[in-house]
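# for reference, the sequence and a predicted model appear below.
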Amino acid sequence: MEAAAVEKAEGLAMYKLILCLRYLRTRYIALASIISVTLGVATMIVVNSVMSGFAHEMHSRLHGILSDIVMESHSLNGFYHWEDELAKVKEVAGDDIQDVTVTVHVPAMLSMKIRDQWMPRHVTLVGIDPESYAKVSDFTQYLKHPANREHVDFDLKESGYEGDEGSPLRDAGWGHRRGKVMYERELEMQLSQFREFEETGRWPDQDLLRQKRITQPAPIALVDHEEEVAEKAILPPFATDPGAPPLPGTRPEELNKMANAELYDPNKKGSDPFSSRRGLPAESTYDPLQHQATGLILGIAIGSVRDRDQTTGEVKDYFMVLPGDDVKLTFPTAENPPKAMNATFTVTDFYESKMSEYDAAFAFMPLDQLQRLRGMIHPEHGTAISSIQIKLKEGVNLREATDKLRAAFPPATSPYRIQSWRDLQGPLLSAVEMEKTILNILLFLIIGVAGFGILATFYMIVVEKTKDIGILKSLGASGGGIMSIFVAYGLSLGIVGSGVGMVLGLLFVVNINAIASVIEWITGREVFDPTVYYFREIPTIVEPWSIAWVVAGAMLIAVLASVLPAMRAARLHPVEALRYE
Amino acid sequence: MSNAESQGMSALEIRLQRESVLPDHEARRKELTGPHINTAKFAQPAAVAKPTPSEKKKKPLLETRALHKSYRKGRLTIPVLRGVDFAAEEGKITSIIGQSGSGKSTLLHLMGTLDTPDDGEIHFANTRIDRLSSRQRDSLRSRAFGMIFQFYHLLPELSTLENVLTPIMISHGMWRYWSARKQFRKRAEELLEMVGLSHRTTHKPRELSGGEMQRTAIARALIAQPRILLADEPTGNLDEKTGGEIMEILKRLNREQNLTIVMVTHDSSIAAQGHDIIRLTGGRVEKQ
Ligand SMILES: Nc1ncnc2c1ncn2[C@@H]1O[C@H](COP(=O)(O)OP(=O)(O)OP(=O)(O)O)[C@@H](O)[C@H]1O
Ligand SMILES: [Mg+2]
């Protein structure tokens, strides 16, 4: 006990502190050896922050339009009596569940008319109940129209779609639709005049032409199967309407005024004069100038291409469809064997989750319409759905909840696949996780290598200080005392090195976008290509704990690297050391 | 628990202290840190009763008996000391002379517990010190011995004043040192003044001349109030005049403060300035 007390007093002796500080101040070679630690720490902090930022961004995007857990039927045709299953789900995990909704998923072909040509693309058509789906996923917050973000529906809005400066999305809506339809009609009219002139050698009678203009449009079938019904409709109800469609060539502003006495107010529910036409009955006439077909919300990458202007290098979106345009969807019915169902839809909004995989995949439409079109409404059994989407309460463990549900619906016997959003993106998430781990290991190895640099430098310093060590020992300093000078020296170098590294790293992280733009300016190349990454700013997250670990690890390495030379110093024989010249 | 035990000292230290090898800690600290210290007071170490001349003859302060030391070079064994019987009496200057390579420094290092003998005994103030643990030896070196070397051996990173304070810093814990640092500084300044270096306190060793460095080394050797000064060719690296000045300081210390000095030299005129002269030849003592 007494001996310990002496040691303790010795442990904090002044000469160690003074010598340690003096060595720190006079031996710049040691500071040079610590630079690699500094750089290692700075790099680790930057890489970790950026990777965390990416991972977070990616997680929120991957999760974005997905719900927490999806219970998906194996069959594309879905299942009936889903209310029972829903009850069972609530019974099993009711405490964990915040909201549930049901959806129908079906692969579909989306055909867009571009420059008189139909261009088909593959999409996954999702029938949703907008009210409940909005509660289950973050889908609504990615919509382009602010009113839809507040309260999503499938009605085409007059205007107000948000896009970048100069983006055609800003002009989308009813105005765009009317302008486009009328332009197409007038074009058709002019072409028919030429055709007639070519055939008969005479220009058509202008009065007749005028009449024809008014009686436009010819009835269009919205759904192929119901063509016969649609053909019955002859005269549109507004033929005699004083507010009949204006003549072609009218300016868009005037068009808007004429077509729409009351301008659309997104805050006023139901103020859209055409909203009542949604879910248009099959037998009624469809005038694209006045009516919209069933609304469809598309992923932005389905309706547009993001490309770089070759000359200016600017990244721009080119839209193939805009909200207000009609598109055709072809998808299988729920019959056996399935038939192809063809139907016209009006694009009412885009979503941009910034996750290009999702933005290019999904098209959302009203659940009831999809069920109707696919024949999933049974007079006795009710409706069929293909998946149950579950949102968990805050703080509930995703894995546990999924396992609980899996136990209740064993995959061997129940026709569902239960997957969390993480499972759906499992390979990607684990790849990113792996990448981060490997990068961390590699970078820490760099610091480890720096540790060997410190080791070598310290050996050099110990050799150089051999005589001083002998002097100190001849004055009564203990081996442990000498050792602690060098260990403390190593620790202080570690503190300085990793501290400076931390500051540098954090400064880099804070200014990373400015630095990226400087690099861009120097190299003339974009560091992060927005056509690939879908964001214009590099996301970073500074995690205090990971920084603490990095800094502590670097200090530990500096200390460990100084222990061996310090032990050598402690073991030096005083006489040998004194003889050393 | 005795006062000494409460200070956290080992049994040996207590024994050494009881036998006046080590001065009483508390008393010494008081003296070191006392408000009115002067160099004159330093002349009589408080714990050591000034021995009468008759006692001196009987009891040498530092004594070796049949000391053997050889160095091993591979299979070759080089015997350096072959049964050295040496005694340094209290209050005297004892010179050790001998040819280069005769083992003078080796003997001094052994007596200063910097090395251990192969055979034989070393006694300091009637206590055998050649079998001590390294911690006990460290403590002895920092408290009872003052050492001076031919090449001064100052720490290049420290100023003159800090160099003088080093032994105190080594033997005192940080807080004990810090709480009494003003007194320690004052003492160091007084010592530097005594060796005539009061104007050089902030200089680094490389800014000093050889003589000034050796004076600093003397001040350093004295700061812990040692009972004995072991000097290995203190003038060996200095010109005659400067060496003479250093010898004057040592002699004055011996005269005024009754400090026991063991001094190694190969210069017989320097050796002649001591009370006793011991010649080492062939690894043995050849009495004058
Ligand atoms: N570590 C060692 N290994 C081998 N031989 C050694 C070692 N240290 C000293 N010696 C030898 O021991 C002998 C005595 O050396 P020491 O330094 O004691 O001599 P000295 O009398 O002090 O000489 P000088 O007057 O030149 O200082 C020398 O012959 C030397 O070569
Ligand atoms: Mg010698």
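That came through fine. Predicted, not measured: the structure shown is a model, and the values here were computed from it. Numbers count the residues shown, from 1 in each chain, chains lettered A, B, ... in the order given. Ligands and ions are numbered 1, 2, ... in the order given.

# up against ligand 1, what does the stretch 101-250 of chain B have?
B:Gly101, B:Ser102, B:Gly103, B:Lys104, B:Ser105, B:Thr106 (CB under 6 Å from any ligand atom). No exception for glycine: its C-beta is placed from N, CA and C like everyone else's.

# is B:Met247 in contact with B:Ile270, as I believe?
Yes: assessed by CB atoms under 8 Å, B:Met247 is found in contact with B:Ile270 at 6.3 Å.

# can you select the buried ones from the residues of the stretch 101-250 of chain B next to ligand 1 in PyMOL?
Buried subset of those, written as a PyMOL selection, criterion 16 or more other CB atoms under 10 Å in any protein chain shown:
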select buried, chain B and resi 102+103+104+105+106
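
# for the residues of the stretch 101-250 of chain B next to ligand 1, give me TSV that also has secondary structure, pLDDT and distance to chain A.
Output for those, formatted as TSV (DSSP: H, G, I helix; E, B strand; the rest coil; pLDDT from 0 to 100; distance: CB to the nearest CB, whole Å):
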residue	secondary structure	pLDDT	distance to chain A
B:Gly101	coil	86	13
B:Ser102	coil	88	16
B:Gly103	coil	89	12
B:Lys104	helix	89	13
B:Ser105	helix	89	8
B:Thr106	helix	90	8
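
# which strand or helix spans the residue in chain A positioned nearest to chain B?
Here chain A gets closest to chain B at one residue, A:Gly476, 2.5 Å apart by CB to the nearest CB. Using DSSP states H and E, A:Gly476 is not contained in any helix or strand.

# pull up the overlap in contacts between B:Met247 and B:Ile270.
Residues touching both B:Met247 and B:Ile270 (CB atoms under 8 Å, 6 or more residues apart in numbering or on different chains) are B:Thr235.

# please enumerate the helices of the stretch 101-250 of chain B.
Along the stretch 101-250 of chain B, counting by DSSP state H, counting those that start in this stretch, helices occupy B:104-111, B:134-143, B:160-171, B:174-179, B:181-194, B:210-223, B:240-257.

# so how far is the fifth one from its chain's centroid?
On the basis of CA atoms, centre = their mean, to the nearest Å, helix B:181-194 sits 18 Å off its chain's mean C-alpha point.

# any low-confidence regions in the stretch 1-150 of chain B?
Under the criterion pLDDT under 70, the flagged ranges of the stretch 1-150 of chain B are B:1-58.

# try it again at 50.
Residue ranges of the stretch 1-150 of chain B with pLDDT under 50: B:1-9, B:20, B:33-56.

# of all residues in it, which one is closest to chain A?
Nearest residue of the stretch 1-150 of chain B to chain A, counting by CB to the nearest CB: B:Ser142, 2.5 Å away.

# just want the phi and psi numbers for the nearest residue to that residue once chain neighbours are set aside.
Distance criterion CB to CB, 6 or more residues apart in numbering or on different chains; nearest residue to B:Ser142, sequence neighbours excluded, is A:Gly476 at 2.5 Å. Note on A:Gly476: its backbone torsions stand at phi 110, psi 10 [degrees, to the nearest 10].

# for A:Gly476, give me its contacts.
Listed by CB under 8 Å, 6+ apart, the contact set of A:Gly476 reads B:Asp138, B:Ser139, B:Leu140, B:Arg141, B:Ser142, B:Arg143, B:Pro167, B:Ile170, B:Ser171.
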